[in-house]
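A.B. asks: from the sequence below, what's the structure:
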Amino acid sequence: MGPEVAGLMYHEVTDDPTTSGFQRPGALPYTLTPAAFTSHLNAIAGGQLQPELVSNLDLNSNNGNGTHRHLLLTFDDGGASAMYVADELGRRGWKGHFFIITSRIGERTFLKPSDIRTLRSAGHVVGTHSHTHPDIFRRLPRELMTTEWRCWASPASPAPSLEATSRMWCWNQPATPGSVICSRRSRC
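C.D. replies: Numbering: from 1, shown residues only. Reported below is the predicted structural model:
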């Protein structure tokens with residue numbers, strides 16, 4: 001059997017959803033309380049796999065558990081609760097992947113440029129989760145979809161703060177629904 005990679009995706013972790021991330025009803029189902037998140041982390045800690053960074057994956061390694069299985073933790077959107085999440089991961093010696101909506105950097109309920117630098121300096125992977133996060137990506141023309149996922153900075157955006165910290169972005173692969181491509185190429 002070949003290598004297997006499981007990714008657990010999270011969004012906001014807060015008791016007060018008005019303090020982090022998108023402020024619309026559709027975002028609420030993606031919000032966990034800190035108690036629920038701690039429960040998830042404790043369950044992971046009790047399992048056979050410890051979270052890894054995609055940049056450190058060795059798909060030929062068995063990680064000492066006799067299998068070629070790997071676990072990634074990802075956090076989408078760049079809501080302000082990402083700083084709490086990073087602290088909780090740090091208590092366990094774990095690193096995560098934080099994907100940020102670049103047009104939201106600096107807004108009240110999203111990360112500030114200094115927060116992004118803090119995440120990166122703590123060893124987390126920081127990348128883009130699109131520039132504007134359109135509600136329905138699949139309805140975008142292919143060219144615009146590609147631009148949304150590949151371009152993490154524009155002259156009107158504070159996103160250049162990512163330039164100093166990351167050269168990674170991920171986007172959906174339209175030809176293969178459900179798959180994601182990550183790249184370390186230079187920015188658009």
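
A.B. asks: drop to CA atoms for contacts and neighbour counts, all remaining ones
C.D. replies: Noted.

A.B. asks: from what I see, residue 77 and residue 100 are in contact.
C.D. replies: Yes. With contacts counted by Cα atoms under 8 Å, residue 77 reaches residue 100, the gap being 4.7 Å.

A.B. asks: who has more neighbours out of those two?
C.D. replies: Ranked by neighbour count (other Cα atoms under 10 Å), residue 77 and residue 100 place residue 100 first, with 29 against 26.

A.B. asks: what segments of this protein are helices?
C.D. replies: Counting by DSSP state H, the chain has helices at residues 34-45, 82-91, 113-121, 142-150, 160-163.

A.B. asks: going by neighbour count, list what's buried in stretch 51-64.
C.D. replies: 51, 52, 53, 54, 63 (16 or more other Cα atoms under 10 Å).

A.B. asks: ah, wrong one, I meant stretch 74-89
C.D. replies: 74-83, 85-86, 88-89.

A.B. asks: tell me the least confident of these?
C.D. replies: Least confident of the buried residues of stretch 74-89 in the model: residue 77, at 84.

A.B. asks: tell me who's in contact with that residue.
C.D. replies: 11, 21, 98, 99, 100, 101, 129 (Cα atoms under 8 Å, 6 or more residues apart in numbering).

A.B. asks: number of nearby residues for residue 108?
C.D. replies: If you count neighbours by other Cα under 10 Å, residue 108 ends up with 14.

A.B. asks: how about low-confidence regions in the chain?
C.D. replies: Residue ranges of the chain with pLDDT under 70: 1, 62-66, 130-140, 145-188.

A.B. asks: the top strand by length along it to helix 82-91, inter-axis angle?
C.D. replies: Among the segments of the chain that qualify as a strand by DSSP state E, the longest is strand 69-77. Here strand 69-77 runs at an angle of 160 degrees relative to helix 82-91 (axes from the mean of the first three to the mean of the last three Cα atoms, to 10 degrees).

A.B. asks: quick one, which of the helices of the chain gets closest to residue 69.
C.D. replies: helix 34-45 (13.7 Å; Cα to Cα).

A.B. asks: what's next to the closest one, contact-wise?
C.D. replies: Contacts with helix 34-45, where a contact means Cα under 8 Å, 6+ apart, come from 13, 14, 15, 50.

A.B. asks: CSV for the helices of the chain, including distance to residue 107?
C.D. replies: Shown next, in CSV, are the helices of the chain (distance: least, Cα to Cα, whole Å):
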stretch, distance to residue 107
helix 34-45, 22
helix 82-91, 14
helix 113-121, 10
helix 142-150, 19
helix 160-163, 14
